[in-house]
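Colleague: Here is the input, now give the coordinates:
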Amino acid sequence: MSEIRAIFWDVGGVLLTNAWDHTQRLAALEHFHLDVEEFQSRHEMVVSSFERGKIALDEYLDRTVFYRSRPFTRDEFRDFMFSLSQPMPEVLALARALADSGKYFMGTINNESRELNLYRIEKFGFREIFRLFVSSCFVGLRKPESGIYRLAIELTQINPEECCFIDDRALNLEIAEKMGMHTIQMQTLEQLREELMKLGVEP
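Modeller: Numbering: from 1, shown residues only. Predicted coordinates for the structure are as follows:
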């Protein structure tokens, strides 16, 4: 087995809670008393552009929420969106320890809109942990498209068999594995540690 030189991490569901997935959207809709079906139909029409960085957060909100007058402000809705991002402290600590060891190239491969992604990078100190952010909003590609994994490999010039990708969703891992990367499906901290150790990865 090749020695692991690079570790790529999903963000939502691994290092942090999801940023704007189904659970977070539902929480916002309930908080602001919005119609779920109406919002969801509009969201589905623009989410690809939103996560690929083709439209900004303000335009996304124009199309999904503020296409009519509301009893709350755009800032109130945006602040609530951002507040839904919470850390998974023990997993973040593990990622930081691996980064501090200096033994591994650390990067992310994640689907996220630009404003939420930048907020999360800043809020949770990701620049101190990761050297590369292969985020859908920066590169115009989304998981599980094979191109986003290929781009990560090409940017780092590290062979896929020397890379490990951690994600909580099976489909995203299946595509990465087909590209030749080692993969781990995140379930618990202890399971993650054990799977990494099987690959010879430790701080």
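
Colleague: Report the next helix or strand after the helix ranked longest in the chain in sequence order.
Modeller: Once the chain is assigned using DSSP state H, the helix that runs over the most residues is helix 36-51. Following helix 36-51 in sequence order, the next helix or strand is helix 57-64 (DSSP states H and E).

Colleague: rewinding a little: what's the longest helix of the chain packed up against?
Modeller: Contacts defined by 3 or more C-beta pairs under 8 Å, 6 or more residues apart in numbering; DSSP states H and E place helix 36-51 against helix 22-31, helix 57-64. Using the backbone N, CA and C atoms, a C-beta is placed for each residue, glycine as well.

Colleague: Point out where this structure drops to low pLDDT.
Modeller: 1 (pLDDT under 70).

Colleague: can you pull out the helices in the protein?
Modeller: 22-31, 36-51, 57-64, 74-83, 89-100, 114-123, 136-139, 146-156, 170-178, 189-198.

Colleague: just so I know, which of those lies nearest residue 130?
Modeller: Shortest distance between residue 130 and those, using C-beta to C-beta, is found for helix 89-100: 7.2 Å.

Colleague: mind listing what's buried in the longest helix of the chain?
Modeller: Using 16 or more other C-beta atoms under 10 Å as the test for burial, helix 36-51 gives 39, 40, 43, 46, 47, 50, 51.

Colleague: Am I right that the last one is in contact with residue 113?
Modeller: Yes. Residue 51 lies in contact with residue 113 (C-beta atoms under 8 Å); the separation is 5.5 Å.

Colleague: re the thing from before, so which of the helices and strands packed on helix 36-51 is the most packed in?
Modeller: Most buried of the helices and strands packed on helix 36-51, by mean neighbour count (mean count of other C-beta atoms under 10 Å): helix 57-64, with a mean of 17.

Colleague: tell me which strands and helices that helix is in contact with?
Modeller: helix 36-51, helix 74-83, helix 114-123.

Colleague: what sits up against stretch 105-113?
Modeller: When contacts are defined by C-beta atoms under 8 Å, 6 or more residues apart in numbering, stretch 105-113 is touched by residues 5-12, 19-20, 50-51, 53, 57, 60, 95, 98-99, 117, 120, 126, 129-137, 142-143, 148-149, 152, 156, 158, 165, 167, 176.
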